[in-house]
Every structure is written in structure tokens, then in C-alpha cells.
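1. got a predicted structure here, sequence first:
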Amino acid sequence: MCDEAKVESIEQAFGGYGKGYVRALGLWRTLLKKLSILNHKMHVLMIGHAQIKSFQDPDLASAYEGV
């Protein structure tokens, strides 16, 4: 939401007053609806991470952020 609205916080997105959360909820519902269609033919598993950590790969010149 923040990237799309080009703001720092979801509270500021789309003019504030909770509009960023409303937009995010609509997108979340769309995703869940599409996943439920897939669920009739296969198992759906969603994995999320709460923290972003810096990772130093010995084969790369610099570290990158990953989950």
C-alpha cells in the first residue's frame, strides 16, 4: 500500500482516515478468494516472516536483506 500510494505509512495512504487499511483489506480478500479456488485442486500453504534480517553470502560482495 505504501509503495502504491508513495507514502511512508499505511495511515497516510490514499488520503488517510483508514483508506489504506480499507484498500489493503480489499486486496487481501481478493487474494484469499483466488487461493480458495486453488484449494479445490491442491493444498495451499502461505508462509510469512515477521522480521527482515541481513544475510552475508560468502559468494557475494555485499550483504542483502532476506527473510
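-> On my side now, so go ahead. Keep in mind it's a predicted model, so treat the numbers as computed, not measured.

2. can you pull out the low-pLDDT segments for the protein?
-> Residue ranges of the chain with pLDDT under 70: 64-67.

3. ranges for the helices of it?
-> Taking DSSP state H as the criterion, the chain carries its helices at 2-5, 19-38.

4. could those go into TSV alongside mean neighbour count and distance to Ser54?
-> Quick note: C-beta positions are derived from backbone N, CA and C, even for glycine. Shown next, in TSV, are the helices of the chain (neighbours: other C-beta atoms under 10 Å; distance: least, C-beta to C-beta, whole Å):
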stretch	mean neighbour count	distance to Ser54
helix 2-5	12	21
helix 19-38	12	27
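
5. dump those helices into a markdown table; add distance to Pro58 as well.
-> Shown next, in a markdown table, are these (distance: least, C-beta to C-beta, whole Å):
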| stretch | distance to Pro58 |
| --- | --- |
| helix 2-5 | 31 |
| helix 19-38 | 36 |
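
6. for Gln56, which of those helices is the nearest?
-> Minimum separation from Gln56 across these (C-beta to C-beta) falls at helix 2-5, 26.4 Å.
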